[in-house]
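Asker: Prediction below, plus the sequence it came from.
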Amino acid sequence: MAIHSRAGARALSSRFLELLLDARRAEATELILGIVEDGKISIPELYLQVFEPVLREVGQLWQDREISIAQEHFISATTQFIMSRLYPKIFSAEPRGRWMIAACAGPEMHEIGLRMVADFFEFGGWDTYYVGANLPIEAVLTAAAERQADLLALSATMPRHVADVREIIQRLRSDDALRSTTVLVGGGAFCVEPDLWRSIGADGFTSDAASAVTLAEQLYALKAAQ
């Protein structure tokens, strides 16, 4: 299978999704880990060409009521488990000097997209501190302060959680030690309303992991030049 071709990536994605829908977790895990170990696909390519499209399709299947919420959660959990098996190949033991904090806003539980974003920042040479979902606002701000974060990435899938994102940003901007931290937002709530990020005081919005790193690098360079 030529994984680097579009046809090869689609074939891999289809097979991976088929195994997950059949709840064949061990086979799905073996499929992905084997292809990575054989060098047939890089981890960033795997994220972009397999995990992202599969998870988007799973989300659409759930919205169309073709799969249950339990199936959607199973697939997300299995994908996260496979990602965790890849972490020894992703995370650097050496500090890079730029800290990125990643958090889901409010009682948000859709965290796998942001987890992938954080991993892409690792690929891009950042130190990452992923605090995940369902974390109190105070805890997010404390993490940013303790790491002296250069960047805070916030995700909101549901529109009702945008208020939590806004509050985090407002409190960040009112803190002398944190006001210079760059804030990027993403998630379904912002994809539906692409200019929403401006109205809540964020520095930028992206809809995927790769473009988030690109935008962060641009904003970091601008601040460094000031």
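Answerer: Nice, thanks for sending it over.
Asker: residue contacts, residue 96?
Answerer: 125-127 (C-beta atoms under 8 Å, 6 or more residues apart in numbering). Placement of C-beta: from N, CA and C, glycine included.
Asker: Let's see if you can find the most crowded of the residues you listed.
Answerer: When neighbours are taken as other C-beta atoms under 10 Å, the top entry among these is residue 126 (22 neighbours).
Asker: thinking again about what came up before, tell me the one among the contacts of residue 96 nearest to residue 169.
Answerer: Closest approach between the contacts of residue 96 and residue 169, by C-beta to C-beta: residue 126, at 20.1 Å.
Asker: so where does residue 170 fall, helix or strand?
Answerer: Secondary structure from DSSP states H and E places residue 170 in helix 162-173.
Asker: Give me the contact list for that helix.
Answerer: Contacts for helix 162-173 (C-beta under 8 Å, 6+ apart): 103, 105-106, 108, 137, 140-141, 144, 152, 154, 156, 178-179, 181, 183, 185, 189-190, 196, 200-202.
Asker: how about 10 Å then?
Answerer: Contacts to helix 162-173, defined as C-beta atoms under 10 Å, 6 or more residues apart in numbering, come from residues 103-108, 136-138, 140-141, 144-145, 149, 152, 154-156, 178-181, 183, 185, 187, 189-190, 193, 196-197, 199-203.
Asker: Where do the domain boundaries of this structure fall?
Answerer: 6-90, 99-225 (automatic domain parsing).
Asker: any idea which of these is most buried?
Answerer: domain 99-225 (a mean of 19; mean count of other C-beta atoms under 10 Å).
Asker: for residue 183, what are its contacts?
Answerer: Counting by C-beta under 10 Å, 6+ apart, residue 183 has contacts 101, 144, 149, 151-154, 165, 168-169, 172-173, 197, 200-205, 219.
Asker: switch the cut-off to 6 Å
Answerer: 152, 169, 202-203 (C-beta atoms under 6 Å, 6 or more residues apart in numbering).
Asker: same check, this time on residue 30
Answerer: Residues near residue 30 by C-beta under 6 Å, 6+ apart: none.
Asker: Tell me the pLDDT of it.
Answerer: pLDDT recorded at residue 30 is 98.
Asker: Would it be right to say that it lies in a strand?
Answerer: No - read with DSSP: H, G, I helix; E, B strand; the rest coil, residue 30 is helix and lies in no strand.
Asker: quick one: it from residue 78, how far?
Answerer: Distance, residue 30 to residue 78, by C-beta to C-beta, to the nearest Å: 12 Å.
Asker: Work out for me the element residue 131 sits within.
Answerer: Per DSSP H and E: strand 127-132 holds residue 131.
Asker: And for residue 102?
Answerer: Here residue 102, judged by DSSP H and E, is contained in strand 99-104.
Asker: what's the angle from the helix or strand just after that strand to strand 127-132?
Answerer: Downstream of strand 99-104, the first helix or strand assigned by DSSP H and E is helix 112-123. Angle between the axes of helix 112-123 and strand 127-132 is 170 degrees (criterion: axes from the mean of the first three to the mean of the last three C-alpha atoms, to 10 degrees).
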